[in-house]
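**Q** let me see the structure of the following:
(2 chains)
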Amino acid sequence: MQSPALPTPGAPVFRAVADCAVLAEFGSRIEGPVHEAVLRLDEALKRKPFDGLLETVPAYVNLLVVFDPLQCDHASVEQHLRGLLRGAAPAQRARAQREVLVCYEDELAPDLDAVAERTGLSREAVIDAHLRGHYQVFMYGFAPGYAYLGSVPEAIRLERKPAPVRGLRAGSVLIAGPQCLVTTMVMPTGWWVIGASPTQILSPEAQRPFLFDVGDAVVFRRISRAAYDAALP
Amino acid sequence: MSAPAARLRVMRVGPHVSVQDGGRRGLMRFGVPASGPMDRKSFAIAHAALGNPLDGAAIEVSVGGLALRCEQGAVSVALAGGGFRVRMNEQETGSWSVLSLQAGDTLEIDAGPWGSWCYLAFAGDVQAGQWLGSSATLATADFGSGLLKTDRLITVNRPRLLASESGAPLQRTLDCPVWARPARSVCCVLGPQERFFDEQALALLASEAYELTHSYDRMGVRLRGPALMPQGALSIPSEPIVRGSVQVSGDGTPTVLLSDHQTTGGYPKICTLLSDDVDRLAQCRPRDRFRFELLSPAQAVERTRERAQQRQAYWSYLGVVR
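**A** Okay, the predicted model is just below:
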């Protein structure tokens, strides 16, 4: 087993994926500068694609670049990516700020008491902490429209539950460790359910079906149960 | 003026039978896998045999089987993929063939000697629901055109009835090319997270046979074989996944991810299959055994290009310019 150099934001490692992709890796831990580097390369590729580029997938520490092997290969793609990284740092895309409504009441927040108990806070203090967090979309995964938001304030970070709970409503607001997520469909989850949102993250019929781009900032705004019921589509 | 729509009734259908098209491409960054056919090549062949665009909607039949009755109109259909047992009006036909159905005809497709997926394409436009611009069914969420249920009516707009040289409705058997058969060895490239495996695990991967288990659906197939123990990889940040990724859980069990895969995941991927080999693995059945053939990235690209060349002959046999 070779021991490759550790990737850094300034010196990424390029890993081959099958016959059709390169994974550009900028670090090995979830850190702001690492994710920034992922977003910068993604943005640069959008502006300056190569022939045969099929799609890119940004994640916490790396960017997957998928290509058509009949048009290019790993070496030519890596060369293109290195060229982009050498070029002047692209102007930052103005990252949007998105608002997500959340109701923390009644059966919409089945785990709020448990989170309060485990963190030693009151229900209101848990809600305040959640609302005060500075969130950014790090990546999508798990299921369509499942956007991983970070970071949840230290005070309310909990390990996930030992076993997943089934049949959770779409729009549930979940936390686990430093991550927060608003579900888009009925799915099982081992994360803590602290509220529910009527905000549509995924609108299949819309011109722009996904509310967030990776990199967007997200703020949560508290609403009452009445407002939640009224806002449901 | 085009012919009136052909309508076919689902008389009987097993699990995992769905409408698929060329796939919902380019949305992995939003958590959406491409879905589409488990065996992309056989799917394309079924369309090509009818002169259709290769990415239109068609039906993916699982070993659970499908029986249809044409209730109205007339339409030619093509079957490709796997070695299924196909009967038209209770008469056995070739499992890879072009048939022409008219009102009253029945078509039954059931598991045969080999293969897991058979494609039924129609000469015409299958009326299919769309989700995010594609009819491909994402089975875990039943998004897209959806899983087939008994009694569902399949409507084919602008149906065509292909004719043989004598003018009679076309009935033609298609050759099943060697490269569309189940794999006994699959080509893959090490990584992208092979660094979490020691020499011993990598040697096992390269030398031992692995077997498909019954944990096999459109998301992936779990394998049985010597454990590939990962070293200290339990907390890697979630990373992008592709169709063909071989992820290994903490107990050393590999799973090959398939058409409806999650788009990111935190298990280390020891190797990744070439897209083409995913098709051939998908046609294996639980208990079938295969080996991993490890290629360098450059060899993998070369292999893919050679294969594309070799296929030209088959496309011209079908009468299609590719």
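**Q** what about B:Val178, neighbour count?
**A** B:Val178: 8 surrounding residues under other C-beta atoms under 10 Å in any protein chain shown. Bear in mind the C-beta positions are built from the backbone N, C-alpha and C, glycine included.
**Q** now B:Leu258
**A** Neighbours of B:Leu258 under the rule other C-beta under 10 Å: 22.
**Q** roughly how far does the nearest residue to it once chain neighbours are set aside sit from B:Lys269?
**A** With C-beta to C-beta, 6 or more residues apart in numbering or on different chains as the criterion, B:Leu258 has its nearest non-adjacent residue at 5.1 Å, and that residue is B:Gly220. B:Gly220 sits 12 Å away from B:Lys269, going by C-beta to C-beta, to the nearest Å.
**Q** and these two? which has more neighbours close in?
**A** Using other C-beta under 10 Å, the more surrounded residue of B:Gly220 and B:Lys269 is B:Lys269, with 27 against 21.
**Q** helices of the chain, start to end?
**A** All of this is about chain A. A:32-47, A:74-86, A:112-119, A:123-132, A:225-231 (DSSP state H).
**Q** that was the other one, I meant chain B.
**A** Counting by DSSP H, the helices of chain B are B:40-48, B:199-207, B:275-282, B:297-318.
**Q** and A:Leu174, which of the ones you listed is closest to it?
**A** For A:Leu174, the closest of those is helix B:275-282, at 32.1 Å, according to C-beta to C-beta.
**Q** what angle sits between that closest one and helix B:40-48?
**A** Relative orientation of helix B:275-282 and helix B:40-48, computed by axes from the mean of the first three to the mean of the last three C-alpha atoms, to 10 degrees: 90 degrees.
**Q** now do helix B:275-282 and helix B:297-318, the angle between them.
**A** Interaxial angle, helix B:275-282 versus helix B:297-318 (the same axes, to 10 degrees): 70 degrees.
**Q** next, see if helix B:275-282 gets close to chain A.
**A** Yes: on the criterion C-beta under 8 Å from any C-beta of the partner chain, helix B:275-282 is in touch with chain A at B:Ser275.
**Q** for the residue in the stretch 51-200 of chain B that chain A sits nearest to, what are its contacts?
**A** Nearest residue of the stretch 51-200 of chain B to chain A: B:Pro192, at 3.9 Å (C-beta to the nearest C-beta). Taking C-beta atoms under 8 Å, 6 or more residues apart in numbering or on different chains as the criterion, B:Pro192 is in contact with A:Arg15, A:Ala16, A:Val17, A:Leu23, B:Glu239, B:Lys269, B:Thr272.
**Q** quick one, phi/psi of the closest residue to B:Ala308 other than its chain neighbours?
**A** Closest residue to B:Ala308 apart from its sequence neighbours, by C-beta to C-beta, 6+ apart: A:Leu70 at 6.0 Å. Per-residue torsions, A:Leu70: phi -80, psi -10 (degrees, to the nearest 10).
**Q** these two touch, right, A:Leu70 and B:Arg305?
**A** Yes: counting by C-beta atoms under 8 Å, A:Leu70 does reach B:Arg305; the two are 6.3 Å apart.
**Q** that older thread, need the helices of chain B in JSON lines (columns: mean pLDDT and mean neighbour count).
**A** Formatted as JSON lines, these follow (pLDDT from 0 to 100; neighbours: other C-beta atoms under 10 Å in any protein chain shown):
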{"stretch": "helix B:40-48", "mean pLDDT": "96", "mean neighbour count": "25"}
{"stretch": "helix B:199-207", "mean pLDDT": "97", "mean neighbour count": "15"}
{"stretch": "helix B:275-282", "mean pLDDT": "96", "mean neighbour count": "24"}
{"stretch": "helix B:297-318", "mean pLDDT": "92", "mean neighbour count": "16"}
